[in-house]
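Chemist: could you look at this predicted model? Sequence included:
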Amino acid sequence: MTKLTGILLMSTAFCAVVAVSPARAELDVAKLKASIETSLEADYPKLEALYKDIHAHPEVAFQEVKTAAKLAAEMRALGFEVTEKIGKTGLVAIYKNGDGPTILVRTELDALPMEEKTGLPYASHDKADWNGQETFVDHSCGHDIHMASWVGTAKTLIGLKDRWHGTLMFIAQPAEETVSGAKAMIADGLFTRFKKPDFGFALHDGPFAYGTLSYRTGIGSSNSDSLDLTFHGRGGHGAAPQRTVDPVMIAARFIVDVQSVISREKDPTEFGVFSIGAIHAGTAHNIIPDQVVLRGTIRTFRPEVRAKMLAGIERTAKAAAAMSGAPEPDISFTEGAKAVVNDTGVVETAAKVLKVAFGDKIGTSPPVTASEDFSEFIDAGVPSMFFNIGVYEPERVAAAFNGTGPQLPPNHSPQFAPVPKPTIETGVEAMTLAVLSAFDQYARGK
């Protein structure tokens, strides 16, 4: 049985149990929403202060020691039992509230090795060592918003513990940006030292209107693979290319020709993209180098498309070298994150509640082409829902959409600057209701 099949069977069984369960009163979503908003009104100033502190002092993958310590302190203060240093710098916070399912809620800890250029009063000026070089660090993917929402959700659920029974498993995962933190936590015994959750949830912010949510059933993000490719040639004088085997020419041919794998070999109705992100060659104007190094990323949704693209890229690289009579290139693919596949039962249950709470501010969206290692938890057997929240003023978003205003900085931009309020409040409210929906559905099926 494949992992995906297992997840789908679990979801089917879950739904089947619910279908024959005794009648149980529907969740009073309006009342719950009011309770959450009351709680948030009191808690928000502390959550925003936490957000701004984390934003100003970001840490890169597997170096999130201070960030993890801050979250650990917050969770202990709420009554969670916290275990640190899971998967190097990750943490697991457990709160037991009687018999019931275990529900995982994940946040990420890490930031990106880049300079922030937002000009915010709480902008990051911190630096870190990254691959042997000093670099600025910036929470330009919004993980700081996620962390504040994560703590706020924990606080809100504790305040509503008379409404649910079971176990909360809040995990703070390192190294999402390098898609290696989830694997590290699982390898360190996440689901053997602790009970494997029955359901899981995670959110991600993005450059659309704050107060809005989007979700999808099934595939939600892409598979990612990295390419390291070295073309070898014979160096020499730029004025006498006939005495060389020019690897720059080989690399240039490859970069152009490889796109035919996308346009002519891949089914045009299936998603797949290959982008070169780095080229390193040569030292001077008049020297033809003896090698060129390329680095790129491959993104796909489906395994069969991934296999076709990897094979086509390798074949094209070898052919480009052979056309110039060069040695065979060095080709290395590194597998990154698998596609996030949202569970139908979990999504439908949560969406029903979220639609009542958010009305026309929630809707479905197509899969995102970026990658996300929350998939590791799903593939380990945790039926889950991954959804998105917006970060910018609706007026700015509308202006960018209709062309009357500038385009909005996306995630990973040095200008990415979420509006904390009400973005964090939306994250807390949506995640709290999603978790409560799963507790309620489970109780209906008992």
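Modeler: Ah, there it is.
Chemist: hey, let's count contacts and neighbours off CA atoms from now on
Modeler: Noted.
Chemist: quick one: buried residues of the longest helix belonging to the chain?
Modeler: Scanning the chain for the helix with the most residues, using DSSP state H, yields helix 29-56. Within helix 29-56, the residues scored as buried using 16 or more other CA atoms under 10 Å are 29, 32-33, 35-37, 39-40, 44, 47-48, 50-56.
Chemist: which secondary structure elements does it contact?
Modeler: Applying 3 or more CA pairs under 8 Å, 6 or more residues apart in numbering; DSSP states H and E, we find helix 29-56 packed against helix 143-159, helix 344-358, helix 420-445.
Chemist: kindly recompute the last result at 6 Å.
Modeler: helix 143-159 (3 or more CA pairs under 6 Å, 6 or more residues apart in numbering; DSSP states H and E).
Chemist: sheet-wise, list the partners of the helix or strand just after the helix it packs on with their directions.
Modeler: Counting by DSSP states H and E, the next helix or strand C-terminal to helix 143-159 is strand 166-173. Applying DSSP bridges, strand 166-173 is found paired with strand 90-97 (antiparallel), strand 102-108 (parallel).
Chemist: quick one, the longest one and helix 143-159 angle?
Modeler: Put simply, strand 90-97 runs at 20 degrees to helix 143-159, going by axes from the mean of the first three to the mean of the last three CA atoms, to 10 degrees.
Chemist: in the stretch 101-250 of the chain, mark out all the helices, start to finish.
Modeler: Assigned by DSSP state H, counting those that start in this stretch, the stretch 101-250 of the chain shows helices spanning 143-159, 181-187, 190-193, 247-257.
Chemist: with mean neighbour count and distance to Glu393 as extra columns, can I get those helices in JSON lines?
Modeler: Shown next, in JSON lines, are those (neighbours: other CA atoms under 10 Å; distance: least, CA to CA, whole Å):
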{"stretch": "helix 143-159", "mean neighbour count": "24", "distance to Glu393": "16"}
{"stretch": "helix 181-187", "mean neighbour count": "21", "distance to Glu393": "32"}
{"stretch": "helix 190-193", "mean neighbour count": "14", "distance to Glu393": "38"}
{"stretch": "helix 247-257", "mean neighbour count": "19", "distance to Glu393": "39"}
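Chemist: export these to CSV and tack on distance to Phe374 and mean pLDDT?
Modeler: What follows is the helices of the stretch 101-250 of the chain, written out as CSV (distance: least, CA to CA, whole Å; pLDDT from 0 to 100):
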stretch, distance to Phe374, mean pLDDT
helix 143-159, 13, 98
helix 181-187, 7, 98
helix 190-193, 13, 98
helix 247-257, 31, 98
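Chemist: okay, now the unreliable bits of the stretch 201-350 of the chain?
Modeler: Counting by pLDDT under 70, not a single residue of the stretch 201-350 of the chain qualifies.
Chemist: going along the chain, name the strands of it.
Modeler: Counting by DSSP state E, counting those that start in this stretch, the stretch 201-350 of the chain has these strands, from start to end: 213-215, 218-219, 223-232, 236-237, 272-281, 287-288, 291-300, 330-335, 341-342.
Chemist: just name the most buried of the ones you listed.
Modeler: strand 341-342 (a mean of 26; mean count of other CA atoms under 10 Å).
Chemist: and it, what does it pack onto?
Modeler: On a contact count with 3+ CA pairs under 6 Å, 6+ apart, strand 341-342 meets strand 218-219.
Chemist: the strand it packs on pairs with which strands, and in what direction?
Modeler: Using DSSP bridges, strand 218-219 pairs in its sheet with strand 341-342 (antiparallel).
Chemist: what residues does the partner strand touch?
Modeler: Contacts with strand 341-342, where a contact means CA atoms under 6 Å, 6 or more residues apart in numbering, come from 217-220, 384-385.
Chemist: what about the most centrally placed residue in the chain, distance to Ala209?
Modeler: Per CA atoms, centre = their mean, the C-alpha nearest to the average position across the chain is that of Glu372, at 3.5 Å. Per CA to CA, to the nearest Å, Glu372 is found 22 Å from Ala209.
Chemist: did I read that right, Asp373 in a strand?
Modeler: No - under DSSP: H, G, I helix; E, B strand; the rest coil, Asp373 sits outside any strand and is assigned coil.
Chemist: list the contacts for it?
Modeler: Contact analysis of Asp373 by CA under 6 Å, 6+ apart lists 179, 337.
Chemist: pLDDT value on it, please?
Modeler: You'll see Asp373 listed with a pLDDT of 96.
Chemist: same question, Arg24
Modeler: For Arg24, the pLDDT comes out at 53.
Chemist: can we start the residue count at 32 from this point?
Modeler: Noted, 32 is the first residue going forward, which turns the last one into Arg55.
Chemist: distance between stretch 87-104 and the chain's centre?
Modeler: The chain centroid and the centroid of stretch 87-104 are separated by 17 Å under CA atoms, centre = their mean, to the nearest Å.
Chemist: ok, now stretch 316-323?
Modeler: Centre-to-centre, stretch 316-323 and its host chain are 39 Å apart (CA atoms, centre = their mean).
Chemist: now swap in stretch 469-477 and tell me
Modeler: Here stretch 469-477 is found 28 Å from its chain centre; the criterion is CA atoms, centre = their mean.
Chemist: contacting residues for the residue nearest to His170 when sequence neighbours are not counted?
Modeler: Leaving out its chain neighbours, the residue that sits closest to His170 by CA to CA, 6 or more residues apart in numbering is Ala142, at 4.6 Å. Residues in contact with Ala142, defined by CA under 6 Å, 6+ apart, are 89-91, 169-170.
Chemist: as a markdown table, these with pLDDT would be great.
Modeler: Output for the contacts of Ala142, formatted as a markdown table (pLDDT from 0 to 100):
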| residue | pLDDT |
| --- | --- |
| Pro89 | 98 |
| Glu90 | 98 |
| Val91 | 98 |
| Asp169 | 98 |
| His170 | 98 |
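Chemist: please convert these to JSON lines, extending it with distance to Asp219 and neighbour count.
Modeler: Output for the contacts of Ala142, formatted as JSON lines (distance: CA to CA, whole Å; neighbours: other CA atoms under 10 Å):
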{"residue": "Pro89", "distance to Asp219": "24", "neighbour count": "29"}
{"residue": "Glu90", "distance to Asp219": "21", "neighbour count": "29"}
{"residue": "Val91", "distance to Asp219": "20", "neighbour count": "27"}
{"residue": "Asp169", "distance to Asp219": "27", "neighbour count": "31"}
{"residue": "His170", "distance to Asp219": "26", "neighbour count": "31"}
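Chemist: ok, back up a step: the strands of the stretch 232-381 of the chain into a markdown table, with extra columns for distance to Ala185?
Modeler: Shown next, in a markdown table, are the strands of the stretch 232-381 of the chain (distance: least, CA to CA, whole Å):
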| stretch | distance to Ala185 |
| --- | --- |
| strand 244-246 | 20 |
| strand 249-250 | 27 |
| strand 254-263 | 30 |
| strand 267-268 | 63 |
| strand 303-312 | 38 |
| strand 318-319 | 59 |
| strand 322-331 | 34 |
| strand 361-366 | 33 |
| strand 372-373 | 22 |
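Chemist: how is Phe417 assigned, secondary-structure-wise?
Modeler: strand.
Chemist: thanks a lot, catch you later.
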